[in-house]
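Q: Coordinates for the following, if possible.
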Amino acid sequence: MPRTVEVWGFLLPYFPVNRTKPITNGIILLLQIMGMRIFLASAMAVLAPLLVTNTSFAKDKKTIKELKKQIGYLASDELEGRRTGTAGEKKAAEYIINYYTQNGIAAYKGNYRYPFTFISGKEIMPLTSISINGKKVTDLEEIFPLPFSVNSKRANGDALLGVLEHGNIWMMPLFADADEAKDAHFDWEKVAHEKAKDAAKQGATAVLFYDSYGAKFAPEFNKKSDYEALDIPVAMMLHKGYQKYVEKHEGSVALDMMIVLKKAEMTGTNLAAYIDNGAKYTVVLGAHYDHLGHGEDGNSLHAKKDGQIHNGADDNASGTAALMQLGVKIKNSKLKHYNYLLLHFSGEELGLLGSKAIVKEEKLDSTKIAYMINMDMVGRLNDSTHALTVGGIGTSPIWGKMIDKNNPAFKITYDSAGVGPSDHSSFYYQNIPVLFFFTGLHTDYHKPSDDADKINYKGQAMLQNYIYDVVGKMEKEPKPAFTPTKQSTVGKVRFKVTLGVMPDYSYQDGGVRIDGVTDNKPAQKAGMKGGDIIIQLGDNKITGMQTYMEALGKFAEGDKTQVKVMRDGKELSLPIEFTSNK
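A: From the prediction side, this is the model:
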């Protein structure tokens, strides 16, 4: 029996050398070499997958460690929810830019920052003056102007509660009874607008609403109101003011009202880094980095309006970190067929403001951009279902080949639409093929509880690898063809009918401006175009999104009417027939 020797934990045969028999020694040596080679070949066949797996696991561990660091910071209280135009947004921007500079990724056209201004609502100006019995009221918890009031027009007179006199100021109760004052679903602003509008028609020179019950959910100044401006001053006296100035007062009340409002502007900042490979076409990889701040803009789903910080770990610190890491991975790779533009959008939560701005200002259209990949909420992959939604599949024939629905790592759901509730929509409307990666909604969506400790870091690392593989496969493909798709209804208000338009939520100059129209929908068939401003739908004047939605809700499938739009300063009336919103 031959002796054995241990190699890497295995026992191999070993034949001792016989010094007196050189021929035998040669045979023995040959046998030993052959045995070792057979062993090594067999060992490598067994160990190679393990070595690859271990290498991948080591890379994933590094990725996960970095994700925890990045998302942990971006979703920390220090950034106060990364609301567009705030110090928190600026801190997030600094962090992202520092990461790119440290990893040798250059700024796009010499600048990382691409600021844009937007109307954030209305604000009450210091010239506003509301006086009761000669005393100027400055406490907004007593009286505040309503945002649909006429601007800079004075009204005064002696008013009596419940006496609605033509040519005088009307003092009217907002709530009909105590039950209305307790009703959480009572739409006080809509009721106030309707009553004030009717009062103006009947000759009121101004309206002062009052709360004599002490509403459970007290009215507040809505800076984002888009109700049609009336031609009289309108204000709201809260219960505190009612008790102080009216409840025990006998006789008429001397009122003097002049309300001055102003459109409030803010500045958000998009970020752009660039990997220039000298290619003809550029791929856009994007993710928004803004979130809700303390919920000031009315888009929080938190039940209590207590000003808690909304950290937005999944929405969208997850996509932000994914973009940062993918950018560095591409920079250090051999992917050279395209240039890569890494875009971090702000203002997404306010209506895709940032992506619309940079697409327009930098002329990012299909003559320059090959395709766009958007990552929004990619951090909550469910370990049980592995559900992953990939949107935009229908925007190019190539996507069916690139996105394997049978991938064992994910249970992939296709959404063919190029239009959806995130920034890829801005690129779709430039005839650019898009993909949208999304791990799904959850109970923490738009709430203060969307925190970093709830991110599935291993799942996000898997998804980043998958997206990188898609980008890698596209390196071998020519610029993909674009195909228009039906509009997605994910995350949108449902109506019985649709026009098939993408509204510009940032527009606040009267009417509803549209960014684009969907093929084979009523708007497109009527001849409407991107840039049109809808000012009337049937008999309904359109002054903003609120009146647009109310008007749309009045129509049924098959109804025919006229839609009036402003195009290049000219009013057009177009015939339209509504179809079902399916």
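Q: Low-confidence regions, the stretch 351-500 of the chain specifically.
A: In the predicted model, the stretch 351-500 of the chain carries pLDDT under 70 at residues 487-495.
Q: which residues in it form helices?
A: Counting by DSSP state H, counting those that start in this stretch, one finds helices in the stretch 351-500 of the chain at the ranges 353-361, 399-402, 424-428, 457-474.
Q: out of those helices, deepest packed?
A: Among these, ranked by average contacts under mean count of other Cβ atoms under 10 Å, first place goes to helix 424-428 (a mean of 28). (Glycine included, C-beta is placed from N, CA and C.)
Q: outside of that helix, which residues touch it?
A: 284, 286, 352, 355-356, 359, 364, 369, 372-374, 391-392, 395, 418-419, 434-436, 485, 502, 515-516 (Cβ atoms under 8 Å, 6 or more residues apart in numbering).
Q: and of the helices of the stretch 351-500 of the chain, who's closest to Glu557?
A: Proximity to Glu557 (Cβ to Cβ) singles out helix 424-428 among the helices of the stretch 351-500 of the chain, at 25.0 Å.
Q: And the helices in the stretch 1-150 of the chain?
A: According to DSSP H, counting those that start in this stretch, the helices that the stretch 1-150 of the chain contains are 22-74, 87-102.
Q: re the thing from before, any chance of TSV for the helices of the stretch 351-500 of the chain, columns distance to Gly531?
A: Below are those laid out as TSV (distance: least, Cβ to Cβ, whole Å):
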stretch	distance to Gly531
helix 353-361	11
helix 399-402	28
helix 424-428	14
helix 457-474	32
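Q: would you say Asn277 is within a strand?
A: No. Read with DSSP: H, G, I helix; E, B strand; the rest coil, Asn277 is coil and lies in no strand.
Q: ok, Gln202 - contacts?
A: Here Gln202 is in contact with Leu164, His166 (Cβ under 8 Å, 6+ apart).
Q: To Lys554, which of the helices of the stretch 351-500 of the chain lies closest?
A: Judging these by Cβ to Cβ, what sits closest to Lys554 is helix 424-428, at 26.5 Å.
Q: Distance from the chain centre to that closest one, please.
A: Helix 424-428 sits 12 Å away from the centroid of its parent chain (Cα atoms, centre = their mean, to the nearest Å).
Q: Just the CA atoms of that helix, as PDB, please.
A: The C-alpha coordinates for helix 424-428 follow below in PDB (Å, rounded to 0.1, in the frame of the first residue of the first chain):
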ATOM      1  CA  HIS A 424     -39.200  58.200 -15.900                       C
ATOM      2  CA  SER A 425     -42.400  59.800 -17.200                       C
ATOM      3  CA  SER A 426     -40.500  63.000 -18.000                       C
ATOM      4  CA  PHE A 427     -38.200  61.000 -20.300                       C
ATOM      5  CA  TYR A 428     -41.000  58.900 -21.900                       C
END
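Q: change the start of the numbering to 57 and stick with it
A: Got it, first residue is 57 now, which makes that one helix 480-484.
Q: what mean pLDDT does stretch 352-369 have?
A: Across stretch 352-369, pLDDT averages out at 90.
Q: List the buried residues of it.
A: Using 16 or more other Cβ atoms under 10 Å as the test for burial, stretch 352-369 gives Glu352, Asp353, Ser356, His358, Gln364, Ile365, His366, Asn367, Gly368, Ala369.
Q: so of those residues, which ones are in strands?
A: Judged by DSSP state E, strands contain none of the buried residues of stretch 352-369.
Q: Out of those residues, which is nearest to Asp116?
A: Of all those, Asp116 sits closest to Ala369, with 19.5 Å by Cβ to Cβ.
Q: Considering the buried residues of stretch 352-369, which is situated nearest to Glu122?
A: If you rank these by distance to Glu122 using Cβ to Cβ, Ala369 comes first, at 15.1 Å.
Q: For the closest residue in space to that closest one that isn't next to it in sequence, give me the pLDDT.
A: Distances taken as Cβ to Cβ, 6 or more residues apart in numbering place Ala131 nearest to Ala369, at 3.8 Å, with adjacent residues excluded. The per-residue pLDDT reported for Ala131 equals 98.
Q: Isn't Ala131 up against Asp507?
A: Yes. Using Cβ atoms under 8 Å, Ala131 makes contact with Asp507 at a distance of 6.4 Å.
Q: Now do the shared contacts for the two.
A: Counting by Cβ under 8 Å, 6+ apart, the residues touching both Ala131 and Asp507 are Asn367, Ala369.
Q: Give me the more crowded residue out of those two.
A: Ala131 (32 against 21; other Cβ atoms under 10 Å).
Q: tell me the contacts of the more buried one?
A: By Cβ under 8 Å, 6+ apart, the contact set of Ala131 is Asn367, Gly368, Ala369, Ala373, Asp506, Asp507, Ala508.
Q: okay if I get those residues as CSV plus distance to Thr194?
A: Formatted as CSV, these follow (distance: Cβ to Cβ, whole Å):
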residue, distance to Thr194
Asn367, 35
Gly368, 36
Ala369, 40
Ala373, 40
Asp506, 38
Asp507, 39
Ala508, 42
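Q: Name the nearest of those relative to Asn167.
A: For the contacts of Ala131, the nearest to Asn167 is Ala373 (23.5 Å; Cβ to Cβ).
Q: burial count for the residue lying closest to His344 once chain neighbours are set aside?
A: In space, His344 comes closest to Glu404 once its chain neighbours are excluded; the distance is 3.4 Å by Cβ to Cβ, 6+ apart. Glu404: 28 surrounding residues under other Cβ under 10 Å.
Q: That concludes my questions; thank you for your assistance.
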